[in-house]
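1. Sequence first, then the predicted structure:
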Amino acid sequence: MTGFARVKKDVPEGEIIFSLKSVNHRGLDLHFHLPPELEPLEAGLRGVIKSEVARGHLEVHVVFARSATVAAAPVNRELLDAYFRAFREASERYQVAHAPDLNAALRIPGMFGAAPDDDLAERVAEAVLEACREAVAALNRCREQEGAATGREIHERSQAIARLVDRMQEIRAGAVPAFQKRLQEKLADLLQGAGVDPQRLAQEAAILADRSDISEELQRLRTHAAQVDQMLADGGEVGKRLDFLLQEMNRESNTVLSKTGGLGDVGLTITELALAAKSEIDKIREQSWNVE
């Protein structure tokens, strides 16, 4: 389910901007984009998101813009000394005559400012986690609005499937006379005018009707369509259950198609209706990715 949320948090050390972007996905797929100093928070952020979001591909972006007073802090001498010391040792070991690049050294993460302060890190971490909780809540509100529209569309399509099943059931009820007529025409061609025992004709038509009976498939398809509506009404996490139910509905439709092939006009009509039902099932499946 698609959605977007952005939260800003001000702390004495600077400004935190937390962004969440969600698109459709079968499961929960999280991708984090964090500044190096906030990477240790990934596990905590992952836990916050997983507690409230079950499906979707989520892009998590966090920006930490330090305030001017923090940005103007002195160079981290310990880190800079370690850089030059490592550079000299590498030059001597590998006999490389080259001066260190000061600009490259100053771009190393953590080069500006003193060694990290535990209290400062804790304040920033708590602010990031709070921004995450607020962003997830805002994202879910956005997703709920889209989900309501998606639910209405799925309901309309499940009702269309139920109507198609009713129409196929009506046609199936009058199938035996059609089978008798079809058999009689074929036998007349084969026997070239010889008489046909009416009782035998009725038996063969009944056998053909039994082999082509789709009443159980239609009943299950109607039941599944009602279950789709019930799932949406009950709420909760229905996405994966809906995926499974749609697989069953598609299987029943395929069985109807396989049983009604070659049954003349009656079979063609049922085939058209079954194909229409499959089309509605496929459209529900497309939307099911939007349902959590």
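-> Right, received. Where do you want to start? All figures in this text were calculated on a predicted structure; none of them were measured in a lab.
2. all helices of the stretch 101-250 of the chain, in order?
-> 102-106, 118-173, 175-191, 198-211, 215-234, 239-259 (DSSP state H, counting those that start in this stretch).
3. nearest to residue 42, of the ones you listed?
-> Proximity to residue 42, assessed across the helices of the stretch 101-250 of the chain by C-beta to C-beta, is greatest for helix 118-173 (10.4 Å). C-beta here means a position set from N, CA and C on the backbone, and glycine is covered the same way.
4. mean confidence for that closest one?
-> Model confidence over helix 118-173, given as mean pLDDT, is 86.
5. That one vs helix 239-259, what angle?
-> With axes from the mean of the first three to the mean of the last three C-alpha atoms, to 10 degrees as the basis, helix 118-173 and helix 239-259 are set at 20 degrees to each other.
6. packing partners for helix 118-173?
-> The helices and strands touching helix 118-173, judged by 3 or more C-beta pairs under 8 Å, 6 or more residues apart in numbering; DSSP states H and E, are strand 3-11, strand 14-23, helix 42-50, strand 56-66, helix 215-234, helix 264-288.
7. So which bits of stretch 45-54 are buried?
-> When neighbours are counted by 16 or more other C-beta atoms under 10 Å, the buried residues of stretch 45-54 are found to be 45, 48, 49, 53.
8. Out of those residues, flag the one nearest to residue 77.
-> Using C-beta to C-beta, residue 45 comes nearest to residue 77 of the buried residues of stretch 45-54, at 32.1 Å.
9. Model confidence for the closest one, exactly?
-> The model reports residue 45 with a pLDDT of 95.
10. Can you give me every residue that contacts it?
-> For residue 45, the contacting residues are 32, 60, 128, 129, 132, by C-beta atoms under 8 Å, 6 or more residues apart in numbering.
11. one more time with 6 Å, if that's ok
-> Taking C-beta atoms under 6 Å, 6 or more residues apart in numbering, we find residue 45 in contact with residue 132.
12. All set now, cheers.
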